[in-house]
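Trainee: Let me see the structure of the following:
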Amino acid sequence: MEAPINIYYELDNYYQNHRRYVKSRSDQQLTHGLKYDDTSSCKPEDTNNGLPIVPCGLIAWSLFNDTFSFVRQRSELKVNRRNIAWKSDRDHKFGKHVYPFNFQNGTLIGGGRLDPNVPLSDQEDLIVWMRTAALPSFRKLYGRIEEDLEADEVIEVDVINNYNTYSFGGKKKLVLSTSSWLGGKNDFLGLAYIAVGSSCIFISFVFLLLHVKSPRPRGDTPYVIWTRKSNAS
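Mentor: Model (predicted):
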């Protein structure tokens, strides 16, 4: 595998597209921090001990927090955790002067913690996680290995298993993948094109058979709408 090698974590049976989950966030707070005090949309993770939570909401509260390290021939492979989020999100959706405040200080901890000394625009794990997935099985970028991996090499992966997926019957997977000028491998788009194309061909044959069985004469005036109106009057 030629560098850069993308590292993804994959979650199954995880419904990030649930309506209440998707709504439990405040985009204005992510941009302006404590200057924006309306966090009613973040319930039940909007305040703690009478103080607002930054970032608020269930999406941030459930941040994925497993960690991975890779060893090849007793030397650790460096994983680049920078530039894994969309540049537009880093520059425009997460404030450069907004810092985590009162986050994960409640009695029930949902997921990962955030460094209170690092602005949200630099907390790329959070940015990646908060771009919610549309399907219950999804992958999110964890980092990149910027060294080539040769065939038959043995890579030891150390996983710190923090994130609880067992309570809802979910599964976790680790995926290494490369990308070409066409992007990464994704079977969904190809299968969607095949399904839509096949259905269009089938429907066209159905209309063809209907036309052969009951053809409509060309220039038949009874089918003209204003002719039907005049006959009715």
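
Trainee: Now the phi/psi pair for the residue positioned nearest the centre of the chain, please.
Mentor: With distances taken as C-alpha atoms, centre = their mean, the chain has Ala133 as the residue nearest its mean C-alpha position (3.2 Å). The phi and psi torsions at Ala133 (degrees, to the nearest 10) take the values phi -90, psi 150.

Trainee: Flag every buried residue along stretch 125-142.
Mentor: Asp125, Leu126, Ile127, Val128, Trp129, Met130, Phe138, Arg139, Lys140, Leu141, Tyr142 (16 or more other C-beta atoms under 10 Å). To be clear about C-beta, it is placed using only N, CA and C from the backbone, and glycine gets the same treatment.

Trainee: Looking at these, which is nearest Leu208?
Mentor: Distance from Leu208 was checked for each of these by C-beta to C-beta. The minimum falls on Phe138, at 40.0 Å.

Trainee: Please name the nearest non-neighbouring residue to the closest one.
Mentor: With C-beta to C-beta, 6 or more residues apart in numbering as the measure, Leu11 is the residue that lies nearest to Phe138, at 6.2 Å, once sequence neighbours are left out.

Trainee: Could you tell me the per-residue confidence at that neighbour?
Mentor: Taken from the predicted model, the pLDDT recorded for Leu11 is 96.

Trainee: which strands and helices sit next to the longest helix belonging to the chain?
Mentor: Longest helix in the chain by number of residues (criterion: DSSP state H): helix 187-213. The helices and strands touching helix 187-213, judged by 3 or more C-beta pairs under 8 Å, 6 or more residues apart in numbering; DSSP states H and E, number zero.

Trainee: on that earlier part again, in contact with the residue nearest to the centre of the chain, which residues?
Mentor: By C-beta atoms under 8 Å, 6 or more residues apart in numbering, the contact set of Ala133 is Tyr14, Gln16, Asn17, Lys140.

Trainee: same thing but 10 Å
Mentor: Shown here is Ala133, whose contacts under the criterion C-beta atoms under 10 Å, 6 or more residues apart in numbering are Leu11, Tyr14, Tyr15, Gln16, Asn17, Arg139, Lys140.

Trainee: From these, list the buried ones, please.
Mentor: With neighbours counted by 16+ other C-beta under 10 Å, the contacts of Ala133 contain buried members at Leu11, Tyr14, Gln16, Arg139, Lys140.

Trainee: and of the residues you listed, the nearest to Ser179?
Mentor: Within the buried ones among the contacts of Ala133, distances to Ser179 taken as C-beta to C-beta reach their minimum at Arg139, with 12.6 Å.

Trainee: now that closest one, what's its secondary structure?
Mentor: strand (DSSP: H, G, I helix; E, B strand; the rest coil).

Trainee: State the distance from Ile194 to Val206.
Mentor: For Ile194, the distance to Val206 (C-beta to C-beta, to the nearest Å) stands at 19 Å.

Trainee: what's the answer for Ser41, then?
Mentor: The gap separating Ser41 from Val206 is 47 Å, by C-beta to C-beta.

Trainee: one step back: is the residue nearest to Phe138 in a helix, a strand, or coil?
Mentor: Note that with three-state DSSP, the state of Leu11 is strand.

Trainee: can you map out the strands along the chain?
Mentor: Defined through DSSP state E, the strands belonging to the chain, from first to last, are 5-12, 47-48, 51-52, 67-72, 75-77, 79-80, 138-145, 155-160, 171-177, 179-180, 183-184.

Trainee: Comparing Ser41 and Val206, which residue is more hemmed in?
Mentor: Set side by side, Ser41 and Val206 show unequal neighbour counts under other C-beta atoms under 10 Å, the larger going to Ser41 at 15 against 10.

Trainee: can you count the residues close to Asn6?
Mentor: When neighbours are counted by other C-beta under 10 Å, Asn6 registers 18.
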